[in-house]
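# here is my input, please return the structure:
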Amino acid sequence: MPKRLAVKWDVPATDIALSRFRRYLAGQGFREATISNYISVCKIYLEWAGTDKPTLLQAESFRDSLVERKRARSTINNYSFTVKRYHEMLGEEFSFPFLKRNNQIPHFFDSADVRRIFDAVDNLKHLALLQTAFYGCLRASEVCNLDDEDLDLSRLRLTIREGKGGQDGIAYISDEAAKTLKEYLRVRPPLVIDGRKPLFYSDYGQRMHRRDIYRIFIKYKKRAGIEKAGGVHVFTRHSSASIMIANGCDILTIQQLLRHKDPHTTFRYMHMCDETRRSNYNKFLRL
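Model prediction:
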């Protein structure tokens with residue numbers, strides 16, 4: 001009688017749970033970028049719990065561990081919402097105290113930092129991507145979702161498809177970014193993925209993921225010798241807005257450029273340096 005091989009063919013329970021969670025979120029109408037974020041966080045949660053069916057007590061303990069590790073309030077809230085959705089799928093109700101966001105922008109990259117980062121880039125695709133994201137004030141997910149047809153070089157603008165909140169919008173790019181994009185498109189072969197032509201794609205022929213953009217940014221940030229805290233979101237959103245504020249841009253224009261529905265979100269950027277406040281004071285308060 002042949003001896004049976006000691007191999008387990010069972011699909012890991014966590015993988016099955018995450019697939020089920022993905023279908024549940026899709027059925028709730030969430031966008032793919034949001035679903036991917038939920039799945040990434042849920043995987044961390046299930047690995048921490050050691051089971052695909054954690055208890056509500058484990059859910060509370062998981063959140064407590066985030067607080068004890070002094071994670072950012074927004075991170076704790078986002079993780080908690082994921083846990084809440086997962087337990088809703090299980091037919092359970094998980095409630096948690098929502099932490100009020102800190103409306104201060106703790107750090108950003110100034111003009112000199114941004115220039116140093118751009119100067120450190122030696123890859124044409126990466127330079128085109130980072131300049132498009134920075135000058136367009138784009139979220140990483142919006143960069144990933146760009147197609148060739150969304151770029152209008154003649155008018156120096158981008159169409160943002162299904163941005164945050166499911167609303168399309170318009171973003172602008174600078175002459176510098178347009179020049180880099182023209183050179184990038186000259187050497188980049190077009191590629192069709194799922195019936196669409198992505199503006200940026202990986203060297204393996206896949207549409208860019210937010211993780212790819214984060215890694216690209218961190219690589220050049222380190223190469224430039226920038227030691228300030230902050231990832232790609234700080235670079236493309238907080239820094240762009242802060243630099244515009246420092247240069248005297250009005251808050252309404254910044255709200256429109258960042259495509260904020262709530263003006264209070266934009267008010268966080270009102271941390272202008274004293275020199276800018278004094279300059280604007282002298283400019284506008286005159287008899």
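# so where do the helices sit in the stretch 1-150 of the chain?
13-27, 32-49, 56-68, 73-89, 111-120, 124-135, 140-144 (DSSP state H, counting those that start in this stretch).
# of all these, which lies closest to residue 161?
Checking these against residue 161 by Cβ to Cβ gives helix 140-144 as the closest, at 8.2 Å. Where you see a C-beta, it was placed from the backbone N, CA and C, and this is true even at glycine.
# can you name the next helix or strand after that closest one?
Later in the chain than helix 140-144, the nearest helix or strand by DSSP states H and E is strand 151-152.
# still on that earlier bit, could the helices of the stretch 1-150 of the chain go into TSV alongside distance to residue 256?
Output for the helices of the stretch 1-150 of the chain, formatted as TSV (distance: least, Cβ to Cβ, whole Å):
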stretch	distance to residue 256
helix 13-27	31
helix 32-49	22
helix 56-68	34
helix 73-89	23
helix 111-120	21
helix 124-135	15
helix 140-144	15
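# tabulate those (TSV), appending mean neighbour count, mean pLDDT and distance to residue 222.
Below are the helices of the stretch 1-150 of the chain laid out as TSV (neighbours: other Cβ atoms under 10 Å; pLDDT from 0 to 100; distance: least, Cβ to Cβ, whole Å):
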stretch	mean neighbour count	mean pLDDT	distance to residue 222
helix 13-27	15	91	32
helix 32-49	17	90	23
helix 56-68	14	91	27
helix 73-89	18	91	22
helix 111-120	16	96	9
helix 124-135	23	97	14
helix 140-144	23	91	18
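# what's the closest non-adjacent residue to residue 236?
residue 133 (4.4 Å; Cβ to Cβ, 6 or more residues apart in numbering).
# these two touch, right, the one you found and residue 144?
No. Applying Cβ atoms under 8 Å, one finds residue 133 not in contact with residue 144, separated by 10.1 Å.
# is it true that residue 231 touches residue 215?
No. The pair residue 231 / residue 215 is not scored as a contact, 9.9 Å apart, by Cβ under 8 Å.
# before we move on, back to that, touching both of residue 133 and residue 144, which residues are there?
Residues touching both residue 133 and residue 144 comprise residue 213, with contact defined as Cβ atoms under 8 Å, 6 or more residues apart in numbering.
# element containing residue 191, please.
Applying DSSP H and E, one finds residue 191 in no helix or strand.
# tally of neighbours for it?
13 (other Cβ atoms under 10 Å).
# remind me which residues of the stretch 151-287 of the chain are low pLDDT?
Judged by pLDDT under 70, the stretch 151-287 of the chain has its weakly predicted residues at 162-167, 262-265, 267-278, 280-281, 285, 287.
# now the strands for it?
151-152, 157-160, 169-172 (DSSP state E, counting those that start in this stretch).
# out of the ones you listed, nearest to residue 83?
Using Cβ to Cβ, the nearest of those to residue 83 is strand 157-160, at 30.0 Å.
# show me the contacts for residue 99.
73, 76-77 are the contacts of residue 99 under Cβ under 8 Å, 6+ apart.
# what comes up buried for stretch 143-154?
143-146, 150-151 (16 or more other Cβ atoms under 10 Å).
# can you tell me which of those residues lies nearest to residue 66?
Once Cβ to Cβ is applied, the member of these that ends up nearest residue 66 is residue 144, at 26.5 Å.
# please look at the closest one and residue 214 and confirm they touch.
No. The criterion here is Cβ under 8 Å, and residue 144 misses it with residue 214 at 11.0 Å.
# I'd say residue 117 and residue 109 touch.
Yes. The pair residue 117 / residue 109 is scored as a contact, 7.3 Å apart, by Cβ under 8 Å.
# list the residues that contact both of those two?
226, 235.
# which residues does residue 85 contact?
Counted by Cβ under 8 Å, 6+ apart, residue 85 has contacts 21, 24-25, 38.
# switch to 10 Å and redo it
21, 24-25, 28, 30, 38, 41-42, 94 (Cβ atoms under 10 Å, 6 or more residues apart in numbering).
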